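pasting the structure only:
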């Protein structure tokens, strides 16, 4: 009936056609996407230890600080 249709429309309960985005991945490409994600995941796991290894950075910073302190000591020695 007309009233029932209007009530459903007002309550936003009318059935609507679902429209999919043009960017949605088709079922045929989903396998390729999953394969790409697996390769990416493996690469990230392989590279992660290099990202979280701060030993080289810490050593470089220690040498920079030591060099700066040495330069300051030389400056103080030469000016006194």
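Okay, I see it. In this text the structure is predicted, and so the values were computed from the model without any measurement.

what residue ranges in the protein score low on pLDDT?
The chain contains residues with pLDDT under 70 at 15-30.

And the residue nearest to the spatial centre of it, how far from residue 51?
Centroid-nearest residue in the chain: residue 44, 11.2 Å away (criterion: CA atoms, centre = their mean). As judged by CB to CB, to the nearest Å, residue 44 and residue 51 stand 9 Å apart. (Each C-beta comes from the backbone N, C-alpha and C, glycine too.)

ranges for the helices of this protein?
With DSSP state H as the criterion, the chain has helices at 2-10, 27-51, 55-79.

ok, and what's touching the shortest one?
Helix 2-10 is contacted by residues residue 14 when judged by CB atoms under 8 Å, 6 or more residues apart in numbering.

Show me how far it is from its chain's centre.
46 Å (CA atoms, centre = their mean, to the nearest Å).

now do the last one
When C-alpha coordinates are averaged (CA atoms, centre = their mean), helix 55-79 and its chain have centres 36 Å apart.
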